[in-house]
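1. heads up, no residue letters with this:
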């Protein structure tokens, strides 16, 4: 019986070592994937910043920067719309602060107002 117990213990130790190695390898793969994702995100942000620098006036950039502090999702949507318009060639010249205001009004007008009245 002691030989059988010894073999079982050795086999259990081997399995545990294999499992630990597999977990370590999986953790390293996840870490590498996360690093690659962060690098891709940083590259995307750099390209976005460069394109916006080319198509926005300084006043429009300032307005978007201020608005980004309170409504980052809205600003990201507007920036993506502007980049798509620029890539499609539908923008003529730089986007001004007034054009940003018009765009903001249009987006704000799309929201539904919910009124509750009591009788």
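-> Received it, and whenever you're ready, just let me know what you need. Note that the structure is a prediction, hence the values are computed from the model and not measured. Numbering: from 1, shown residues only.
2. any chance you could map the helices in this protein?
-> 2-55, 58-70, 72-88, 97-109 (DSSP state H).
3. How much space separates the residue nearest the centre of the chain from residue 34?
-> When the chain is reduced to its mean C-alpha position, the closest residue under C-alpha atoms, centre = their mean turns out to be residue 41, at 6.7 Å. Separation of residue 41 from residue 34 (C-beta to C-beta, to the nearest Å): 11 Å. Backbone N, C-alpha and C define where each C-beta goes, glycine included.
4. do the same with residue 94
-> Using C-beta to C-beta, we find residue 94 at a distance of 37 Å from residue 34.
5. just to revisit the earlier point, and the helices of the chain, which one averages the lowest pLDDT?
-> For those, mean pLDDT drops lowest on helix 97-109, to a mean of 85.
6. what helices or strands is it leaning on?
-> Helix 97-109 sits against helix 58-70, helix 72-88, with contacts defined as 3 or more C-beta pairs under 8 Å, 6 or more residues apart in numbering; DSSP states H and E.
7. Recalculate using a threshold of 7 Å.
-> helix 58-70 (3 or more C-beta pairs under 7 Å, 6 or more residues apart in numbering; DSSP states H and E).
8. what's the angle from the helix it packs on to helix 2-55?
-> Relative orientation of helix 58-70 and helix 2-55, computed by axes from the mean of the first three to the mean of the last three C-alpha atoms, to 10 degrees: 150 degrees.
9. quick one on the thing from earlier: among the helices of the chain, which comes closest to residue 118?
-> Residue 118 lies closest to helix 97-109 among the helices of the chain, at 27.1 Å (C-beta to C-beta).
10. what's in contact with that closest one?
-> Where contact means C-beta atoms under 7 Å, 6 or more residues apart in numbering, the residues beyond helix 97-109 that reach it are 57, 59-60, 63-64, 74, 78.
11. again, 10 Å this time
-> Residues outside helix 97-109 that contact it (C-beta atoms under 10 Å, 6 or more residues apart in numbering): 56-64, 67, 71, 74-75, 77-78, 81-82, 91, 93, 95-96.
12. Identify whichever of the helices of the chain lies nearest to residue 117.
-> Minimum separation from residue 117 across these (C-beta to C-beta) falls at helix 97-109, 22.4 Å.
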